[in-house]
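Engineer: Sequence and computational prediction follow.
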Amino acid sequence: MARHDAPVRAILGPTNTGKTHLAIERMCGHSSGVIGFPLRLLAREVYDRVVAIKGQAQVALLTGEERIVPPGARYFLCTAESMPVPTGDTHHDGELRRDFAFAAIDEAQLGIDPERGHVFTDRMLRARGREETLILGSDTLRPLIRELLPEAEVVSRPRFSTLRYAGNVKLSRLPPRSAVVAFSAEQVYALAEMLRRFRGGAAVVMGALSPATRNAQVAMFQRGEVDYLVATDAIGMGLNMDVTHVAFAGLEKFDGRRDRRLTISEMAQIGGRAGRHQRDGSFGTLGLGGEEGASFSDEEIQAIEEHRFRPLDHLYWRNSDLDFTDVKALIASLEARSDDPLLRPAPEAIDLAVLKTIAEDPAVAAKKSAIARRLWAVCGLPDFRKVGPMHHARMVRRVFTYVGEGGHIPHEWFAAEVARLDNVSGDIEALADRLAGVRSWAYIAHRADWLADPGKWAECTREVEERLSDALHERLTQRFVDRRTAVLARDIGARGADALPVTVAADGEVSVGPEPIGHLTGFDFRVDQSARLADKRLLLAAAERRLGDELDRRKVAGRGLGRDVRPDGRRPGPGRGRLARPLRQSPGQERARSPRSGPLILEPALRTTRALDQLSANRRAELRARLEAWLDAQVDQHLKPLKTLAAAATDPASSPGVRALAAMLTDAGGLLPRRALVAARRALEQRDRQMLHRLKVRLGPLDVFVPHCSSPRRSGARCSSGGAQRAAMPVMPPAGAALLDAAADPRGAMLAYRRLGGQWLRVDLSDRLASHAHKVRSAGGTEPVDKDLATSVGLSDQGIARLMDEVGFARAGESWRWRGRRRKPEQPRAPSHAFAELAKLKR
């Protein structure tokens, strides 16, 4: 490119004015053209758009690490540093210096940037097209363009949409399609992690990421896989995304030298990413940890909303007319000052700092002409790793030792360094560091005069960068995106046709849209075990919102409530959930009675499971009525003798002795040890004993019990309708079991069994053995033990001895002798009825 008398136009305005789109249209209308962009990512985006218009053979892409230049290319999309320029302050090898019919520089106001500003100023002043030149930038450039380029035509473009201030918003209340802007990697990661918990995740965009990784993250946001994006101020540099709100996590940044508050222009540049085309956008601050944090002043808000900013009064400039006589002369020419007060000397950039560091070596400082030019080209190697001039100079110096005299970098060294970086293991930071390293080697590979086979190594570094970028994108997505939570968070506000479908698979797996949230067994929903603890509340909320229809359907399709409520309190069989459990608390009671409130065993109330709260009120009332009717039938079936006994306890026609014993036995659930009823038994007359016999009460030598209620199955019914709700439901003995070992759950065993040392013998069997012993003694026999019965049930010798001791017999050698009952009660054995024992365990 060279200077021409062709018109120069400055297209100025805020973000979202279509300046870039205009430049593309104008370039495609010419026979050739070049546009310089502030970011490689933006250059790549526009490259793809121009390829779609002109075809791949006519379009070239030039960036530091990527070079696609077909032989017949006429349209070049570049980063500002890679734009072909006539001569001077450039690190190019010169092969692409050519004229273009059209030239444009985007975001020219970046001439104020301390690090890269001199590059944008140079392109604005020197890059020209034969037929047309466009300078795209902010309206703050207007007075400088008037002074520096008086021949330029200035055209203002208004913003397509409105940008308004939305105040301070908590992270948990951010609207969808929001971008959160932070100014450090640590804060970006922390915010992304919080958004993963609250909203299912966020895409991450930072300058430290490779362009491929940033592309993948932005694409994920654009496709709607996540509704939030966390980024550094890199998003202010022309990236086009469908953002409706920009939230600033802070208003200060470190600019390389100090922490400072953002300028109003920088705030507007970043906040202006909200809204696209004619859709309005908003900006504001982010409230974190209950604090309001940073806030905009009224002056800043008004300036951003009205797009009124203080005009720039200077640009950074560096001399482009370089003296390559020797290295010292080169440094002096780079530090030359402009005579124009509007062009201030640029702060020392990394390339000049590296050049000075290497030039401290006298042998290097004396290099002349072509070698000095090559040294300056090598100093242009970007510091992608951000290690600073001292460390970066070491790599630059080594590269220069190979190419300074016109040689090539040894392929063994190049291959070894790239192979060392070709490792996709590690965390986000490790992968980002390797990507920065491989980008340096990609830059080197695109220098045709530095390698013997640049095409081969360019392809090699591209493949490694792609692998690392894919791995980094995967790690970012794995750490900061929970697709299930994102789907549910989006579904919470959906209604009607917008709501995602809920499906219940044959195995009970429940899914909302494509994401599984848990399993439904009968009416019992359980959250997916793989869910993180912080996400389980969201999954439960989703189930409560969306499973009502399915539970209604299951209620209607039920085949009898007996399969859904178990009298022994055990969980139902596979595929069915427990609907309710019986309680001792009556419907009108505010509090449960004590564990020995026996009559309530026969009047249990129902408490339905939480899952049934999701049914409609009518369905729930209908189901509850059916459950209560079923429960009444269960009480009649399993506890009818106990009901008859309870009636006798309150019947005035019964004798006082019968009423007292019946009340005590009912209160105990149908089983009491004989010792607990000594006084009551003495008060019984013969007719009272006959009455109790008709009531099916057995006055045994060891226990007083109702045989009909002593089986394990009916004991379970007593337990589930009795006081067991205050403790965990005991493990009930298997139906028909005569003897239990020491491993049996004592809370369940004592409902129908007597403990004999390390064994539990069913009460009716211990009663038979005890009665046999008394009969033998009454008949004058010498063998009180029914050995056939004891052997058939498996009672051990220790158990037999314990039973005989309780009956009143003691072993005398090989025989038994009667010693009479112990007058002193046995040392404190808990009452044999389950409810008092359960109360003791609970305490």
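Structural biologist: Alright, I've got the coordinates.
Engineer: Who are the packing partners of whatever helix or strand E417 lives in?
Structural biologist: Taking DSSP states H and E as the definition, E417 sits inside helix 411-421. Helix 411-421 makes packing contacts with helix 428-445, helix 454-480 when contacts are defined by 3 or more CB pairs under 8 Å, 6 or more residues apart in numbering; DSSP states H and E. In this view, the C-beta of every residue, glycine as well, is placed from N, C-alpha and C.
Engineer: go with 10 Å
Structural biologist: Packing partners of helix 411-421 (3 or more CB pairs under 10 Å, 6 or more residues apart in numbering; DSSP states H and E): helix 389-403, helix 428-445, helix 454-480.
Engineer: counting contacts, what elements does the last one pack onto?
Structural biologist: I take that to be helix 454-480. helix 185-199, strand 203-205, helix 211-222, helix 411-421, helix 428-445.
Engineer: quick check: angle from that helix to helix 185-199?
Structural biologist: 50 degrees (axes from the mean of the first three to the mean of the last three CA atoms, to 10 degrees).
Engineer: Give the buried residues for helix 454-480.
Structural biologist: 454, 457-458, 460-462, 464-465, 467-469, 471-473, 475-477, 479-480 (16 or more other CB atoms under 10 Å).
Engineer: Do I have it right that R279 meets D242?
Structural biologist: Yes. Counting by CB atoms under 10 Å, D242 is a contact partner of R279 at 8.3 Å.
Engineer: what touches both of the two?
Structural biologist: R177 (CB atoms under 10 Å, 6 or more residues apart in numbering).
Engineer: any idea of the mean pLDDT for the host helix or strand of A801?
Structural biologist: Here A801 sits within helix 797-807, counting by DSSP H and E. On average, the pLDDT along helix 797-807 is 88.
Engineer: buried ones in the following helix or strand past it?
Structural biologist: The helix or strand immediately downstream of helix 797-807 is strand 809-812, counting by DSSP H and E. Neighbour counts over strand 809-812 (16+ other CB under 10 Å) mark F809 as buried.
Engineer: Which other helices and strands does strand 809-812 contact?
Structural biologist: Using 3+ CB pairs under 10 Å, 6+ apart: strand 809-812 touches helix 763-778, helix 797-807, strand 815-818.
Engineer: now for the ones you listed, which one comes closest to C379?
Structural biologist: Nearest to C379, of all the helices and strands packed on strand 809-812, is helix 797-807, at 95.0 Å by CB to CB.
Engineer: what's the closest one packed up against?
Structural biologist: By 3+ CB pairs under 10 Å, 6+ apart, helix 797-807 packs against strand 753-756, strand 759-762, helix 763-778, helix 787-793, strand 809-812, strand 815-818.
Engineer: Return the fourth one as PDB; C-alpha atoms alone will do.
Structural biologist: Only the C-alpha atoms of helix 787-793 are listed here, as PDB (Å, rounded to 0.1, in the frame of the first residue of the first chain):
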ATOM      1  CA  LYS A 787     -37.200 -82.000  74.700                       C
ATOM      2  CA  ASP A 788     -39.000 -82.800  71.400                       C
ATOM      3  CA  LEU A 789     -40.500 -79.300  71.200                       C
ATOM      4  CA  ALA A 790     -37.200 -77.600  72.300                       C
ATOM      5  CA  THR A 791     -35.200 -79.600  69.800                       C
ATOM      6  CA  SER A 792     -37.700 -78.900  66.900                       C
ATOM      7  CA  VAL A 793     -37.600 -75.100  67.400                       C
END
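Engineer: rewinding a little: got the buried residues for the helix holding A801?
Structural biologist: 799-804, 806-807.
Engineer: got the angle for it vs helix 763-778?
Structural biologist: 70 degrees.
Engineer: Just give me how far helix 797-807 sits from the chain centre.
Structural biologist: Remark: helix 797-807 is offset 63 Å from the chain centroid, using CA atoms, centre = their mean, to the nearest Å.
Engineer: next one: stretch 804-817
Structural biologist: The answer for stretch 804-817 is 70 Å, by CA atoms, centre = their mean.
Engineer: start to end distance for it?
Structural biologist: In terms of CA to CA, to the nearest Å, the two terminal residues of stretch 804-817 are separated by 10 Å.
Engineer: which other residues reach that stretch?
Structural biologist: So stretch 804-817 is contacted by 673-675, 701-702, 754, 756, 766, 769-774, 776-777, 781-785, 797, 800-801, 803, 818-822, 826 (CB under 10 Å, 6+ apart).
Engineer: ok, the closest residue to Q759 other than its chain neighbours to P516 distance?
Structural biologist: Distances taken as CB to CB, 6 or more residues apart in numbering put G799 closest to Q759, at 4.6 Å, once the chain neighbours are dropped. As judged by CB to CB, to the nearest Å, G799 and P516 stand 53 Å apart.
Engineer: do the same with V364
Structural biologist: Applying CB to CB to V364 and P516 gives a distance of 64 Å.
Engineer: show me what contacts E131?
Structural biologist: 4, 6-7, 26, 29-33, 100-103.
Engineer: Select from these every entry located in strands.
Structural biologist: 33, 102-103 (DSSP state E).
Engineer: would you turn those into CSV with neighbour count, distance to H314 and pLDDT?
Structural biologist: Output for the ones in strands among the contacts of E131, formatted as CSV (neighbours: other CB atoms under 10 Å; distance: CB to CB, whole Å; pLDDT from 0 to 100):
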residue, neighbour count, distance to H314, pLDDT
G33, 26, 30, 96
F102, 24, 29, 96
A103, 33, 24, 96
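Engineer: Relative to the whole chain's centre, how far out is stretch 429-439?
Structural biologist: With CA atoms, centre = their mean, you get 25 Å for stretch 429-439.
Engineer: tell me which residues in it are buried?
Structural biologist: 430-439.
Engineer: Equivalent analysis for stretch 189-207, please.
Structural biologist: 189, 191-192, 194-206.
Engineer: Tell me which of the helices and strands packed on helix 411-421 lies nearest to E360.
Structural biologist: Comparing those by CB to CB, helix 389-403 comes nearest, at 9.4 Å.
Engineer: That closest one versus helix 428-445: what angle between them?
Structural biologist: Using the same axes, to 10 degrees: helix 389-403 against helix 428-445 is 40 degrees.
Engineer: What is helix 389-403 packed up against?
Structural biologist: By 3+ CB pairs under 10 Å, 6+ apart, helix 389-403 packs against helix 350-359, helix 362-365, helix 369-379, helix 411-421, helix 428-445.
Engineer: Go again with 8 Å.
Structural biologist: Against helix 389-403 (3+ CB pairs under 8 Å, 6+ apart) you get helix 350-359, helix 369-379.
Engineer: quick one on the thing from earlier: is it possible to get a markdown table of the helices and strands packed on strand 809-812 that adds distance to D745?
Structural biologist: A markdown table is the format used below for the helices and strands packed on strand 809-812 (distance: least, CB to CB, whole Å):
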| stretch | distance to D745 |
| --- | --- |
| helix 763-778 | 17 |
| helix 797-807 | 19 |
| strand 815-818 | 33 |
